[in-house]
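# predicted model follows, preceded by the sequence.
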Amino acid sequence: MNGEVFTFFVGGKAGAGVKKAGSVAARLFSQMGRRVFEMDDYQSLIRGGHSYSVISTATRDVTSHHMQGHVVVALDKRSYDIHAGHVADGGILVYNSDQVDDGDGIGVPFTTEAKKYPKPDLRLGVGAVVALAVAIGMEKERLGNLIENEYARDVESNLNYANAVYDILYPEMGGRFAVEEGDHARPLLTGNEAIALGASAAGLDVYFAYPMTPSSSILHYLAAHDRDLGVTVVHPESEIAVINMAIGASFAGARAMVGSSGGGFALMEEAFSLAGMVEAPLLCVLSSRPGPSTGVPTYTEQGDLRFALGQGHGEFPGIAGSPGSVEEAFYLAAEMMGLVWRFQTPGILLTEKHLSESTMTVEIDLSRVEQAEPEMHGQGEYKRYLDTPSGVSPLLFPPSDKLIKWNSYEHDELGITTEKAELIAKMHEKRRRKGEALAEHMRGVRTVNVYGKGGPAIFAYGSTTMSVLEALRVGGIEATVVQPRYLEPLPVWELERYRGSKAIVVEQSCLGTFSSLLREKAGIEPTATVKRYDGRPFEPAELADAIKRES
Amino acid sequence: MGDLTTYAENTWCPGCGNFGILNAFKRAVGRLEEQGIERQRIMISAGIGCHAKIFDYLELSGLYSIHGRSMATVQGMKVANPELKVVAFAGDGDAFGEGIAHMIFGAKRNADITVVVHDNGVYGLTTGQYTPTSEKGFRGRSTPRGSIEEPLNPLTLMLEAGATFVARGYSGKVDHLAEVMVDAVVHEGFSFVQVLQPCVTFHDTYKEYNAKVEIMESIPASFEDAVAIARYRDRLPIGVLYRTEKPVYHRELHGDWNPVSGRPAHGDRVERIRRLVAP
C-alpha cells in the first residue's frame, strides 16, 4: 500500500453505530501518522434508513473520500446491495450473514453475535471496526485497547463481541492489507469544528445560532467546549433572534458569530442588511445543503453562491469567502473575523455540507492567527459615523461618557436619523469608500490559491477544491487549479490573468453559477463546466475522467 | 450630557402620548442615577414606528433597531456585557405582531431586560392600520369595515410567558409612569411595561383612559390576582401588577462571566485551542 490510498467503508442503518465506527477508523489512521479524509453520508432521520461512512487514508495528502473501498463492511442487507459495487480490485466485502445469504465476500453473523449482549443494534459498529482491525493485521491485544478507549460504555460486552468477530474473521482475512505508519499524528477536525476554532482563535466572544443542518455542529461543538474556550453560546428562539442578538452583542463590543444553512440564513437577511447599515462587525457562516427551500438537509451543494453574494437589501459593502479545505476553514474563519471588525460590516463564510461535516487530518499553525482588532476611538469628541477618508469610523463601546448611537435609519455622523438629501448621499459615499478601502486591502491578502502548473486552468471554490485536487492525483492530470478564497470582493486582479486560457470550471451546482460569475465579473470564458447536483460530493476517479474528457 | 435631550427635531403630533413616555423616561433616568445606575450604563433600543423616534430624542447610547427586534437587540447587548442596563422601546405592532416571539421567549428565559411597549392600538407611522391590540371593530385603513380579530391582552400574555416584572402605566400620568419605569429597570429579570398611549391622530383614547385609569395602591397579592386584574375591561388599573425573583438568563448561562471585559487574552485563547486540538 506504499504511498497509495487505502479506503474503509462502513454502511448500515442509522442507530447501528455506523458514524461512530467511521470516526474510530479515522482516529486509528491519524494515530498511525497517516492523513485521513472521512465523509459521512447520512439521511435526515434518527433510526433506520441507510447511512455510511467512507474513510480514505494515505501517507500523502488525501483531500477526498474514494468510492472504491479496500475493506467494505455492510452491516445490513441494504448496505450490501448498495456497497457491493464499491469494492476496489483486491478489496474485501464483509457482510452481515444474518441478513444476506451466500453473498460475495466474507459473511459474519454480526447480528447473532450481537444478540448475546444488551442493545445489540448499537454493537454492530464495533463489528465493523474489528473487520478493519483484522484486515490491517492488528493484534488482538491492541484491538482490545482500541475498544476500551473508544467503546467505554459496557466495555466488557464490547470486548467480548469484538473478540468473537475477530476470531471469525482473522483466519479469512487477517493482515490482508499492510497499511504502513505515517510520519506523525495529526489532529482530526470537521470543517465546522475548524470554523468554530478559527473564529475562536481570532477572539470570538459569543456564538448565536438556531439548529439547522449542516451548520448545527458549529453550535454543538462550541456549546460542548464553551468553558474550555471562553466562548458564550446562545441558542435562542429563531434565526431572526440569532442575528439581532448578535448585532446587539457586537454593539456592546463582543466579537459575535452566527451560523445557519440556506433557509435560516434567509430569515436573517433583514438583519444582515441592518448590520450593513449600522456598520456592525459580524461574521456569518452559511453552510449549504441542496436547495431550494428545505431541499435535502444532510447532503451537499453549492447552490447558494448568488444568495451569499447578494445578501441584504440596499447597497453596502460585503465580504464573502469560502474555504477549500478543513485546514483553510480554520484560517479563513480567523481572517474573516479580522476583516469584519476592520471594516465594520457583515461577512459571510460560505461553505457546504461536504466541508462542514467531513473530517480531515489538519496541521494548524496557531501562531499564524491574529486577534480581530477594530480601529478604536482615541480622545475627544466622538461621532459613531465620523466621515473619514477610508469610510471606516472608529469604534467605541459602552459604558462610555460619550454618546454611542448605532442607527438602522439613514443617519448623520452622530447616529441621529436623517432624511436630508446631502446627508443621505454623504453616508452612501462613506459606505462606498469603505467598500473601496476593503477592496484595496484585499489586494494585500491571499485571495486565491493556485495549485499545480501547466495544463488547463481548473476553477473551483469551497469544498469542490478538495475533490478537484484529489481527482488530479488519482488521474495523474497536469493542470493549474485556481481557487478563489474570497468571492466578494471577487479578486478579479488575480483572476484576469487567466482570461483567454483554457478554463474548466468544476462546481456542485445545476445552473453553473460559479461559471457565470467568473464570466460576468472576471471576464473568464469557461470552455467547460463540470457540474454535479445530486447532493453527493464529486468522486475523485469519476471527476478525473470528466476533467480528462474536457481537457 | 445634559438633560437627555438631543438636537433631533421632535416630529410627534401635538398631544401625542409619546411625549408623556419620553418625559417619564427622562425622569426615570434621573432617579436611576440617584440609585447609582449612571446613564452611561443605560442602553436603549427601539423598533420602528412613532414610538421609536424616542431613540433620536434621548441623549442615551444604544441601537436603533428594526421593526419587532429591539427586544432581541438588547438581549444580545446584555449577554455580551451584563454590566449594562438595557431598555427596549417597542410599539404594540413591534412587540405583539412582528416581534411577539422575542417577547414570549425573553419572558420565558427571564432575560434581564426592560421592555416598554407604547401601546396605542394603532399603526401610526404607517397612517392608521389595526394592530394586535386594537379592539374588535377598529376601523383602520386595512380594515375599513372594522377589524374582525379579537385583540391580544399584553399583560396576561406576558404573565403567562413568565415575565418576572409586569406593570402598566399611562402616558397621561407621567410621574407614576416614571416610578414604574424605575422599578422596571432596577428589577433583575424580564420587566414588561405596557404604556397606555393615545394616538391623537388615528386612535384617540384620552377620554376612555382618563375615565378608566386608576392607580393601584399596592402590588396584587398573587399571580392569580394579577391575572384577574389584567383582565379588567371596565377599569384600567395601573402600576406594578406582578413582581417575582427568578434566576436571570445571563447568570444561568455564564454565571458572573462578562464576555467583553472577561475575554481571555489572545495568547491564553490560543493555548486553550492548542489543548483542545492536540492529537
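That came through, no problem. Numbering: from 1, shown residues only, chains lettered A, B, ... in the order given.
# contacting residues for B:N10?
B:53, B:57 (C-beta atoms under 8 Å, 6 or more residues apart in numbering or on different chains). No exception for glycine: its C-beta is placed from N, CA and C like everyone else's.
# pLDDT weak spots in the chain?
I'll assume chain A. Residue ranges of chain A with pLDDT under 70: A:1-3.
# hmm, no, I was thinking of chain B.
Scanning chain B for pLDDT under 70 picks out B:1.
# return the nearest residue of chain B with respect to chain A.
B:G76 (2.7 Å; C-beta to the nearest C-beta).
# neighbours around A:D183, how many?
Neighbourhood size, A:D183 [other C-beta atoms under 10 Å in any protein chain shown]: 9.
# how about B:G255?
Neighbour tally, B:G255, other C-beta under 10 Å: 9.
# in a helix, that's where A:M39 is, yeah?
No. Under the criterion used here (DSSP: H, G, I helix; E, B strand; the rest coil), A:M39 is strand, not part of a helix.
# quick check: bridge partners of it?
On the basis of DSSP bridges, A:M39 is bridged to A:V54.
# residues in contact with it?
Taking C-beta under 8 Å, 6+ apart, one finds A:53-54, A:64-65, A:354, A:358, A:537 in contact with A:M39.
# now render these as TSV, adding secondary structure and neighbour count.
Shown next, in TSV, are the contacts of A:M39 (DSSP: H, G, I helix; E, B strand; the rest coil; neighbours: other C-beta atoms under 10 Å in any protein chain shown):
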residue	secondary structure	neighbour count
A:S53	strand	27
A:V54	strand	27
A:S64	coil	28
A:H65	coil	28
A:H354	helix	28
A:S358	coil	26
A:P537	coil	26
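# nearest to chain B, of these?
Nearest to chain B among the contacts of A:M39, counting by C-beta to the nearest C-beta, is A:S358 at 16.6 Å.
# list the contacts of that closest one.
Applying C-beta under 8 Å, 6+ apart to A:S358 gives the contacts A:37-40, A:65, A:190-191, A:326, A:463.
# what segments of the stretch 1-150 of chain B are strands?
Secondary structure of the stretch 1-150 of chain B, counting by DSSP state E, counting those that start in this stretch: strands at B:42-46, B:62-64, B:85-91, B:114-119.
# what's the closest non-adjacent residue to the residue of chain B closest to chain A?
Excluding its sequence neighbours, the residue lying closest to B:G76 (C-beta to C-beta, 6 or more residues apart in numbering or on different chains) is A:G248, at 2.7 Å.
# does the one you found really touch B:M77, like I thought?
Yes. Assessed by C-beta atoms under 8 Å, A:G248 is found in contact with B:M77 at 4.3 Å.
# what touches both of these two?
B:45, B:63.
# ok, whatever residue of the stretch 101-250 of chain A ends up closest to chain B to A:P394 distance?
Proximity of the stretch 101-250 of chain A to chain B (C-beta to the nearest C-beta) peaks at A:G248, 2.7 Å away. According to C-beta to C-beta, to the nearest Å, A:G248 and A:P394 sit 20 Å apart.
# likewise for A:M427?
Using C-beta to C-beta, one obtains 16 Å as the distance from A:M427 to A:P394.
# comparing these two, which residue is more hemmed in?
Between A:M427 and A:P394, counting by other C-beta under 10 Å, A:M427 is the more crowded of the two (19 against 15).
# mind listing what's buried along the host helix or strand of that one?
Element membership for A:M427 (DSSP states H and E) is helix A:421-442. Under the neighbour-count criterion of 16 or more other C-beta atoms under 10 Å in any protein chain shown, helix A:421-442 has A:423, A:426-427, A:430-431, A:433-435, A:437-439, A:442 buried.
# near chain A, which residues of the stretch 1-150 of chain B?
The stretch 1-150 of chain B comes close to chain A at residues B:1, B:6-8, B:38, B:40-41, B:43, B:45, B:48, B:53, B:55-56, B:59-66, B:69, B:72-81, B:83-84, B:101-102, B:104-105, as judged by C-beta under 8 Å from any C-beta of the partner chain.
# same question, the stretch 151-279 of chain B
Residues of the stretch 151-279 of chain B lying near chain A (C-beta under 8 Å from any C-beta): B:253-254, B:257, B:259-260, B:262-264, B:266, B:268-270, B:272-279.
# buried subset of those?
Buried among those by 16+ other C-beta under 10 Å: B:253-254, B:257, B:259-260, B:263-264, B:266, B:269-270, B:272-273, B:276-277.
# test my guess that the residue of chain B closest to chain A contacts A:V258.
No. The pair B:G76 and A:V258 fails to qualify as a contact (C-beta under 8 Å) at a distance of 10.5 Å.
# scan chain B for its longest helix.
As assigned by DSSP state H, the longest helix anywhere in chain B is helix B:17-34.
# so that helix versus strand B:42-46, what angle?
Here helix B:17-34 runs at an angle of 160 degrees relative to strand B:42-46 (axes from the mean of the first three to the mean of the last three C-alpha atoms, to 10 degrees).
# show me what helix B:17-34 is packed up against.
helix B:54-57, strand B:85-91, strand B:114-119, helix B:174-186, strand B:191-196 (3 or more C-beta pairs under 8 Å, 6 or more residues apart in numbering or on different chains; DSSP states H and E).
# and it, how far out from the chain middle?
Distance of helix B:17-34 from the chain centroid (C-alpha atoms, centre = their mean, to the nearest Å) equals 13 Å.
# next, the buried residues of it.
Per 16+ other C-beta under 10 Å, helix B:17-34 contains these buried residues: B:17-22, B:24-29, B:31-32.
# from the residues you listed, which is closest to B:L196?
Of all the buried residues of helix B:17-34, B:G17 has the smallest distance to B:L196: 7.8 Å, by C-beta to C-beta.
# how about stretch A:333-349, does it reach chain B?
No. Under the criterion of C-beta under 8 Å from any C-beta, stretch A:333-349 makes no contact with chain B; the nearest approach is 10.2 Å.
# pull out the buried positions in that stretch.
A:333-349.
# stretch A:403-423 now?
Going by neighbour count (16+ other C-beta under 10 Å), the buried part of stretch A:403-423 is A:403-418, A:423.
# between the two ends of it, how far is it?
Terminal residues of stretch A:403-423 are spaced 20 Å apart (C-alpha to C-alpha, to the nearest Å).
# how about residues contacting that stretch?
Residues outside stretch A:403-423 that contact it (C-beta under 8 Å, 6+ apart): A:251, A:274, A:277-280, A:382-387, A:393, A:396-398, A:424, A:427, B:1, B:6-8, B:48, B:53, B:55-56, B:59-66.
# name the element A:E141 belongs to?
In this structure, A:E141 sits in helix A:140-150 according to DSSP H and E.
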